[in-house]
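Q: with the input below, show me the fold.
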Amino acid sequence: MSEKVKYDLVIGSLLHNIGKILFDDYKSSYENLKIYEELNINNQDILDCIRYQTYEQIQKSNLSPDSIALISYVANAIVSDINDIKKEEFKDEDFDKNTPLYSVFNVLNKNNDSKFYKRVILSQDCGINNPTKDEDDNGDDFFQKIRENIKNIISKISLNTNYINNLLLVLEDNLSYIPASTSKEYLKDISFYDNIRMTGAVSTCIYQYLLEENIIDFKTFLFNEKSRDEDMFLLYSLDVSGIQNFIYNISSKGALKALRARSFYLEIMMEHIVDSFLERLNLTRANLLYAGGGHCYMILPNTKSIKDKIKSLENDVNRWFMKEFAITLYIAGGYRACSANNLQDIPEGSYSDLFKDVSSEISLKKAHRYSADDIRELNKHNVKEEDGKRECSMCRKIDKLKDDNDDEHLCTTCYVLKQIANNILDDKYFIISDKEQYERIRLENSSIGEALRLPFDSCLVSLNDKEFKKLKDSNIKARFYAKNDFSSDETTSRVFIGDYRAKTDNKYLKNPTLEELAEKSDGIEKICVLRADVDNLGSAFVSGFRHMKQKSNLARTATLSRQLSLFFKFYINDILSNGKHEILSKNKDRNIVIVYSGGDDMFLIGAWNDIIQSGLDLKKAFDEFSQKTLSISAGIGLYDSKFPINIMAKETGILEEYSKKYEKDGKTKNAVTLFDESNCYSWDDFEDFVLNEKFNLIKDFFEKTDERGNSFLYNMLELLRNVKEKINIARFIYLLSRLEPEKNSKNYEEKISIYRNFADKMYEWIESEDDRKQVITAMCLYVYLNRKKQSEKDGGKNNEL
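A: Residues are numbered from 1 along each chain as shown. Coordinates of the predicted model:
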């Protein structure tokens with residue numbers, strides 16, 4: 001496929017339905033193409049893609065049999081779930097711009113709701129756009145603004161990859177909360193952006209397939225019903241394993257900064273791998289269905305050349321992984337051929353089966369990672385110390401080491417990560433180029449630091465604003481990335497990154513340490529680690545819509561996956577900056593740091609009380625965002641700041657697994673485990689019964705009576721934990737009686753009322769196993785919150801509930 005045809009087809013497909021947005025009388029706009037020409041669209045192939053909207057128009061046209069307009073028309077029909085393309089007419093003839101985009105979660109996992117989104121333009125300050133039933137009054141002004149934005153980007157039309165990436169960003173920002181269709185026949189839960197993006201992806205797949213099959217009469221082939229069963233497409237997935245081992249395999253010096261730097265390095269590496277694959281496959285980011293958390297899905301042409309290339313590319317990445325990281329990281333790819341009917345779930349279940357089959361193939365590859373040639377290659381790199389290589393004191397890799405200022409002996413990757421950690425965490429822009437280009441850049445720009453190595457002989461460098469502007473204007477051959485950026489610069493791809501970190505005086509701390517985070521906690525000077533992920537997300541993607549008349553398809557999958565990606569990679573920053581729960585701390589800017597958040601999981605670390613409250617904030621926010629169709633399970637571990645962070649991660653992962661196994665009253669998962677396995681609760685039970693009921697009662701009693709301190713609570717805890725010994729119930733009741741205020745004490749009437757309420761509840765709760773367990777947890781939290789800052793440093797974990 002020539003570069004020109006590729007760009008014509010992608011741009012033409014992305015703009016195929018754009019008249020619905022740009023013009024009130026959009027049908028007339030397709031008849032009068034001068035209005036598009038005034039927007040600088042002079043390319044006849046692109047104009048044809050825009051013009052021909054119906055089969056009747058195509059039949060009456062003089063289009064050549066190999067016109068790409070035929071492909072964009074068919075691709076749009078496939079993505080829009082239209083089965084008979086010959087009967088497709090202007091079903092959206094009266095496209096109603098006042099019709100909102102309904103939530104994709106309305107019908108997920110057998111939900112039955114009718115919430116919709118307010119019309120907003122994605123921006124740095126737009127906040128979370130949760131589904132609602134409140135009327136949206138953001139109408140005419142909103143459409144006027146997005147029309148200006150889209151016309152502006154169209155007027156700059158250019159046939160190159162940078163332009164297409166920039167066009168995709170502008171369309172995403174402006175069309176994410178407009179429905180693809182306002183017809184009553186549809187659910188109206190697929191966004192306009194995801195629909196046209198998938199149209200662009202399907203178009204390029206069809207075109208490459210036709211070329212490789214030497215089909216030159218597109219019209220005859222595509223308008224034959226049999227073509228809908230032709231396996232023209234590949235659902236392709238990549239999955240990187242070993243990510244957690246790579247991130248956590250570090251020494252304790254500067255552990256938090258190292259964790260965040262390594263996590264970010266992998267995030268950008270995955271973006272680079274995806275873009276490199278697409279570039280070498282002669283495709284664009286329109287073909288990327290989803291990327292996050294070390295895995296991705298793409299829709300590709302089903303051709304031999306594509307299959308050969310992806311096999312070669314996977315091998316190149318794995319050879320590079322072996323050279324750089326031995327067996328720590330491994331990439332596995334899997335694909336399944338599919339037809340247009342399969343993408344529309346015809347026959348029923350065939351769409352979800354694609355994902356199952358791809359997942360099975362990837363699992364099989366992971367179980368048989370290395371060939372004999374690979375093992376020989378690994379042995380080459382496993383050189384012993386007498387060959388001049390030693391063990392890296394950070395990641396334990398055998399390599400030629402460099403000495404740094406902290407007397408650590410580091411491999412190249414760890415050395416560079418340590419040297420530039422502050423930059424890659426704080427800088428907004430990044431450039432990836434080949435090694436030769438990097439050397440030239442560094443020669444001409446003395447401020448450019450060392451580079452991190454990437455697959456395909458590439459280098460990653462972070463840039464400050466000044467460096468970015470200079471390099472961008474120099475027209476060098478490289479890829480630029482911007483973190484959480486909405487400036488829509490034509491040369492730059494955007495990556496959403498959850499990068500929240502603790503603040504002081506409303507300013508982010510430059511590089512918070514574990515010790516600083518512990519000092520910012522209330523009460524006991526400890527940190528907590530939170531690890532969490534979405535429950536049953538794979539099955540939601542595979543079969544979450546199977547109960548509907550309009551089932552899963554490419555565009556609905558794209559809409560769902562992009563919404564989840566926005567939550568975990570972008571909205572999470574806003575959630576942590578505006579804490580809601582205040583039972584353990586009044587600080588709304590949480591004293592925590594995101595180590596990673598993407599795909600469907602997260603790793604947070606910070607002041608112990610802020611981590612617990614952030615878990616509740618995120619759970620509540622996700623409930624509202626997903627309309628409770630999905631849930632999160634989490635583990636929270638409590639530690640001294642000097643405890644090895646890799647062990648914190650491992651142990652908290654075990655706590656998360658306890659939450660995944662939670663089951664009570666027919667409900668499973670959707671739980672949190674605090675500190676050890678005996679404190680596993682559903683999120684609702686933890687909030688309603690542990691915190692709101694029991695913690696608040698204990699807090700209210702001890703703060704208003706001043707009768708006893710923490711030592712008294714320790715005695716009560718000991719008795720509650722050993723209540724199976726019947727004598728301890730009597731001892732507990734005796735302890736309670738000692739709390740009764742004396743009659744001659746100040747404010748006796750108020751105190752006795754508070755005491756009786758407290759004692760009555762304690763008598764009641766000690767008899768119930770569930771209540772007793774909740775009281776123990778609540779008492780410990782109260783003790784931790786009220787323990788004075790002290791110099792005790794046990795150097796270890798404190799999971800002592």
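Q: quick check: phi and psi at the residue lying closest to K669 once chain neighbours are set aside.
A: Using C-beta to C-beta, 6 or more residues apart in numbering and skipping residues adjacent in sequence, the residue nearest K669 is D535, 4.2 Å away. In short, each C-beta sits where N, CA and C put it, glycine included. With angles defined as degrees, to the nearest 10, D535 sits at phi -80, psi 130.
Q: OK, contacts around D535?
A: Applying C-beta atoms under 8 Å, 6 or more residues apart in numbering to D535 gives the contacts L630, S631, I632, S633, K660, K669, N670.
Q: which SS state does the nearest residue to L15 once chain neighbours are set aside fall under?
A: In space, and not counting its chain neighbours, L15 is closest to I50: 5.5 Å by C-beta to C-beta, 6+ apart. Put simply, I50 is helix when judged by DSSP: H, G, I helix; E, B strand; the rest coil.
Q: distance of I50 relative to S753?
A: Distance from I50 to S753, counting by C-beta to C-beta, to the nearest Å: 76 Å.
Q: more neighbours, those two?
A: I50 (22 against 12; other C-beta atoms under 10 Å).
Q: got a pLDDT number for that one?
A: We note a pLDDT of 91 for I50 in this prediction.
Q: and N32, how many neighbours does it have?
A: N32: 12 surrounding residues under other C-beta under 10 Å.
Q: sec struct for the closest residue to M394 other than its chain neighbours, please.
A: Distances taken as C-beta to C-beta, 6+ apart place C414 nearest to M394, at 4.0 Å, with adjacent residues excluded. The three-state label given to C414 by three-state DSSP is helix.
Q: the longest helix anywhere in the chain: how far from the chain's middle?
A: Criterion DSSP state H: the longest helix present in the chain is helix 255-280. Distance of helix 255-280 from the chain centroid (C-alpha atoms, centre = their mean, to the nearest Å) equals 14 Å.
Q: what residues of it count as buried?
A: Within helix 255-280, the residues that count as buried by 16 or more other C-beta atoms under 10 Å are 255-278.
Q: what is the mean pLDDT for that helix?
A: Rounded mean pLDDT across helix 255-280 is 93.
Q: ok, then the element right after that helix?
A: Of the helices and strands lying after helix 255-280 in sequence (DSSP states H and E), the nearest is strand 288-292.
Q: listing partners with orientation, what would you give for whatever helix or strand comes next after that next one?
A: Downstream of strand 288-292, the first helix or strand assigned by DSSP H and E is strand 295-301. Strand 295-301 sits in its sheet next to strand 233-241 (antiparallel), strand 288-292 (antiparallel), going by DSSP bridges.
Q: for those strands, which one sits closest to Y782?
A: Smallest distance to Y782 across these (C-beta to C-beta): 38.4 Å, for strand 288-292.
Q: now the angle between helix 255-280 and the closest one, please.
A: 170 degrees (axes from the mean of the first three to the mean of the last three C-alpha atoms, to 10 degrees).
Q: what pLDDT, on average, does strand 288-292 get?
A: 91.
Q: that one: how far from the chain's middle?
A: 10 Å.
Q: residues contacting that strand, please?
A: With contacts defined as C-beta under 8 Å, 6+ apart, strand 288-292 is touched by 201, 270-271, 274, 278, 296-299, 554, 557-558, 561-562, 565, 568-569, 598-600.
Q: check stretch 36-46 too.
A: For stretch 36-46, the surrounding residues in contact (C-beta under 8 Å, 6+ apart) are 5, 8-9, 11-12, 15, 29, 47, 50, 67-69, 151, 154-157, 159.
Q: gap between the two ends of that stretch?
A: 10 Å (C-alpha to C-alpha, to the nearest Å).
Q: show me what counts as buried in it.
A: So stretch 36-46, judged by 16+ other C-beta under 10 Å, has buried residues Y36, L39, I41, N43, D45, I46.
Q: so what touches stretch 350-361?
A: 235-237, 297, 334-336, 338, 341-345, 538, 541-543, 546, 551-553.
Q: and which of the buried residues of stretch 36-46 is nearest P512?
A: Checking the buried residues of stretch 36-46 one by one against P512 (C-beta to C-beta), the nearest turns out to be L39, at 48.4 Å.
Q: name the nearest residue to the closest one, ignoring sequence neighbours.
A: Nearest one to L39, counting by C-beta to C-beta, 6+ apart, is I154 at 4.8 Å.
Q: again with S158
A: Excluding the flanking residues, the one nearest S158 by C-beta to C-beta, 6+ apart is E490, at 8.0 Å.
Q: the one you found reaches N166, doesn't it?
A: Yes: counting by C-beta atoms under 8 Å, N166 is a contact partner of E490 at 4.3 Å.
Q: quick one, which of those two is more surrounded?
A: A count of neighbours by other C-beta under 10 Å puts N166 above the other of E490 and N166, at 21 against 17.
Q: is the more buried one in contact with I153, as I believe?
A: Yes: counting by C-beta under 8 Å, I153 is a contact partner of N166 at 6.8 Å.
Q: and stretch 47-62, how far from the chain's centre?
A: Here stretch 47-62 is found 39 Å from its chain centre; the criterion is C-alpha atoms, centre = their mean.
Q: got the end-to-end distance for it?
A: Stretch 47-62: ends 14 Å apart by C-alpha to C-alpha.
Q: quick one: contacts of that stretch?
A: Against stretch 47-62 from outside (C-beta under 8 Å, 6+ apart): 8-9, 11-13, 15-19, 27, 30-31, 33, 36-37, 41, 63, 67-70, 72-73, 85-90, 219, 223.
Q: make a PyMOL selection of whichever of these turn out to be buried.
A: For the buried members of those, the matching PyMOL selection, counting by 16+ other C-beta under 10 Å, is:
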select buried, resi 8+9+11+12+13+15+16+17+18+19+27+30+36+41+63+67+68+69+70+72+73+85+88+219+223
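Q: from the contacts of stretch 47-62, which ones fall inside helices?
A: Among the contacts of stretch 47-62, the members falling in helices (DSSP H) are 8-9, 11-13, 19, 27, 30-31, 36-37, 68-70, 72-73, 219.
Q: now do the residue nearest to M394: how many residues are near it, please.
A: Neighbours around C414, by other C-beta under 10 Å: 27.
Q: okay, strands next: where are they in the stretch 501-650 of the chain?
A: Using DSSP state E, counting those that start in this stretch, the strands found in the stretch 501-650 of the chain span residues 503-504, 507-508, 527-534, 592-598, 601-607, 632-639.
Q: that concludes my questions; thank you for your assistance.
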